[in-house]
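> show me how the following folds:
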Amino acid sequence: VPNKSANNQDGGRDTTGNLITEAQPRQEIYPDRIALLLPLSSQQRVSAQAVLDGFLAAHLGNPNAIESQIKIYDTGLIDAEKAYAQSVTDGADFIVGPLLKPSVETIERKAGFLPILALNFTQSNQPPPTGFFQFTLAPEDEAAEIARHAIKKGAATAIAMVPADDWGIRLLSSFQSEFEELGGKLLQFRTYGAETKDFSANITELLNLTNSDQRHRRLTANLRVPVEFEPRRRQDVDTIFVAALPSAGRMLAPQFRFHFAGDIPTYATSDVYVPGKNEGNGDLNGILVTETPWVLAPHPDTEKLKAELKRYWPDQAPSLARLHSLGFDAHRLIPLLYKQSEQFTSISGLSGNLILEADGRIRRSLPMGQFRNGDLVLLGTDALP
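Below you'll find the predicted structure:
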C-alpha cells in the first residue's frame, strides 16, 4: 500500500471528531520497531482484522510514523506468551496487543521489559507493571458516560433494566457507581433473561404500575360499578438506563413507551444497535445512545480515513467501524506512551476522548446521540458532557 500523507498536525480541534489535541505533541516520535499481537487465525479473526485495518490506516496516514517497522504476530497460531517472548527477541521497542482478555492477563504477568499497550482490560486489581497500559472499547465506559450525561441534564433518580448475566451486571455497576458518585440515586433495577420477549412484568414493577392496577381493582370492588381507569406510573423517576443487545432493545423501547414511560429520558449503550444495519431501528426512536466519534461525529479527517479504508479494504462492513477506531487510536497512543517523555491527561480520538488513569488504563468519554426516524443523530454540543 503506498504511503499517504496526513494533514492533521495543526493542534487541537473540538471534542466530537478530532484526531489530536493540544495535549498531544506536535512532533510525534514513534519507536523504530512496533510489535502487533492479534488473533488473526482464531475465531475472533474478523474483529482482529478490523483492528489491524484501523491500525494500518493510521500508520499509512501519519508521516511521523511511516519509518517505523511493524511486525505482526498471530496469536491464533502461537499463544500470546510465545508471541510476546518472540517480539522481545526480535528487538521490538513497543508492543500493541494482545486483543483477548486471557492473553492480556498472561502478558501482564510477563510485562516490564517493554512498554505494552494491551487491547483489553485485565480483571486484576493489583498495580500494573511499569509501562503496562490497557485500552479497549469497554462498555462500562459508556455506562459511566450515560450517568454523567443524565446528571448534567438534571436527573437525580434512575431505574434500570439489564440482562441477568455478567455483562449486564457490570454495566449496571458502572452506571450506578458513577451516577451515585455524582449525587444521583438508583431507585430500583430489574434483570431479564436472554430469551425474554415480554418485559411487561418487569416494567410494570419498575414503574409501580402494579400498585396502580391494584388500587383500581380495590376501588372497583368497593364501589361495585365499573370505573374508568388509566394506570398512573410512579412520578419519582428522572431517567431510565437500559443495557440490551439489538433484539432485546427493539422490544424494550416500545414496551416502555406502552407503559407510560415515553416521556422519561431513556439511555442505552451502543450495543443496542449495529452500525449500518437500520432495519428495526425505528423501534428505538427517542432512545439516547453513547457512540464513538468515528460512527457518530463525522469530521473531514474521519471521512478521509473511512474513504481510505474502503479503497484498500472494500469488503469491510460498517458494523466493524468501532473496531477500526480502536485500531486507529491504539496507533495514535503509541508516541504518547513510548518512553512517556511527555505526560498527557487526555486526547481526543476516534473511539472517544481518551483519558489515561493512574492505573495505566485508558478510559473513554463519548458523544451522545438520539434515535430519530430510525437514525442515530448526534446531539448538540450543549448536550455533550
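
> for the stretch 101-250 of the chain, what spans make up the strands?
Remark: strands assigned in the stretch 101-250 of the chain by DSSP state E, counting those that start in this stretch are 116-118, 132-135, 157-163, 185-192, 239-242.

> within the sheet, what are the partner strands of the second one, with directions?
I take that to be strand 132-135. Strand 132-135 has its sheet partners listed here by DSSP bridges as strand 116-118 (parallel), strand 361-365 (parallel).

> contacting residues around the residue lying closest to R257 once chain neighbours are set aside?
Counting by C-beta to C-beta, 6 or more residues apart in numbering, G286 is the residue found nearest to R257 once chain neighbours are left out, at 7.6 Å. For glycine as for every other residue, the C-beta is placed from the backbone atoms N, C-alpha and C. Applying C-beta atoms under 8 Å, 6 or more residues apart in numbering, one finds that G286 lies in contact with A253, R257, G262, T266, Q370, F371, R372.

> neighbours of N208, how many?
18 (other C-beta atoms under 10 Å).

> residue contacts, P265?
Going by C-beta under 8 Å, 6+ apart, P265 touches A150, K153, A155, D238, T239, I240, L288.

> so which of the strands paired with strand 132-135 gets nearest I70?
strand 116-118 (13.3 Å; C-beta to C-beta).

> any chance you could map the helices in the protein?
Here the chain has its helices, by DSSP state H, at 45-60, 80-89, 101-110, 139-152, 166-181, 200-206, 209-223, 246-256, 293-296, 300-312, 321-337.

> please identify the buried residues of the fourth one?
This means helix 139-152. Judged by neighbour count (16 or more other C-beta atoms under 10 Å), helix 139-152 contains these buried residues: 139-151.

> likewise the third one?
Taking 16+ other C-beta under 10 Å as the neighbour-count basis, helix 101-110 is seen to contain the buried residues S103, V104, E105, T106, I107, E108.

> what does the second one give?
Residues A80, A83, Y84, S87 are the ones in helix 80-89 that count as buried (16+ other C-beta under 10 Å).

> still on that earlier bit, tell me which of the contacts of P265 is nearest to L60?
Among the contacts of P265, L288 lies closest to L60 (C-beta to C-beta), at 35.6 Å.

> was I right about K197 contacting M251?
Yes. Using C-beta atoms under 8 Å, K197 is in contact with M251, at 6.0 Å.

> circling back to that earlier point, quick one: closest of the strands paired with strand 132-135 to P163.
Using C-beta to C-beta, the nearest of these to P163 is strand 361-365, at 21.9 Å.

> picking up where we left off before, who has more neighbours out of K197 and M251?
Ranked by neighbour count (other C-beta under 10 Å), K197 and M251 place M251 first, with 16 against 10.

> tell me the contacts of the more buried one?
By C-beta under 8 Å, 6+ apart, M251 lies in contact with K197, F199, D283.

> what's around the second one, how many residues?
When counting by other C-beta under 10 Å, one arrives at 22 neighbours for F199.

> now A156
15.

> same question for P39.
Residues near P39, counting by other C-beta under 10 Å, number 23.

> check contacts around it.
P39 makes contacts with R45, A48, D74, T75, G76, P98, L99, L100, S103, as judged by C-beta under 8 Å, 6+ apart.

> which stretches of this protein have low pLDDT?
In the predicted model of the chain, residues 1-27, 209-233, 340-343, 381-385 satisfy pLDDT under 70.

> could you chop it up by domain?
The record, using automatic domain parsing to delimit domains, assigns the chain the ranges 33-137+300-365, 140-291.

> and the ones you listed as a markdown table, adding distance to L378?
A markdown table is the format used below for the domains of the chain (distance: least, C-beta to C-beta, whole Å):
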| stretch | distance to L378 |
| --- | --- |
| domain 33-137+300-365 | 13 |
| domain 140-291 | 8 |
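
> quick one: the residue nearest to I203 when sequence neighbours are not counted and F55, what's the gap?
Here the nearest residue to I203 in space, its sequence neighbours aside, is H259; by C-beta to C-beta, 6+ apart that works out to 4.8 Å. Remark: distance between H259 and F55 (C-beta to C-beta, to the nearest Å) = 45 Å.

> over to L379?
Using C-beta to C-beta, one obtains 30 Å as the distance from L379 to F55.

> those two - which one has more neighbours?
Using other C-beta under 10 Å as the criterion, L379 and F55 rank with F55 on top: 27 against 16.

> okay, the contacts of P265 in TSV with distance to L320 next?
Below are the contacts of P265 laid out as TSV (distance: C-beta to C-beta, whole Å):
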residue	distance to L320
A150	29
K153	31
A155	33
D238	36
T239	31
I240	30
L288	24
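
> now those: which count as buried?
When the contacts of P265 are checked for burial by 16+ other C-beta under 10 Å, the buried set is A150, A155, D238, T239, I240, L288.

> is the last one bridged to anything, and to what?
Each beta-bridge partner of L288 is listed here, defined by DSSP bridges: Y267, Q370.

> surely it is in contact with V272?
No. The criterion here is C-beta under 8 Å, and L288 misses it with V272 at 10.3 Å.

> OK, contacts around the nearest residue to N353 once chain neighbours are set aside?
Distances taken as C-beta to C-beta, 6+ apart place S365 nearest to N353, at 4.5 Å, with adjacent residues excluded. Shown in contact with S365 (C-beta under 8 Å, 6+ apart): D141, E145, R148, G352, N353, I355, P385.

> buried residues in stretch 178-186?
For stretch 178-186, burial by neighbour count (16+ other C-beta under 10 Å) applies to E178, F179, G184, L186.

> what's the most distant pair in the residues you listed?
Farthest-apart pair in those is E178 and L186; separation 10.6 Å (C-beta to C-beta).

> distance check, W167 against G276.
According to C-beta to C-beta, W167 stands 22 Å off from G276.

> between the two, tell me which one has more neighbours.
W167 (14 against 11).

> just to check, that one is in contact with P139?
Yes. Shown here, W167 and P139 form a contact pair, counting by C-beta under 8 Å, at 7.2 Å.
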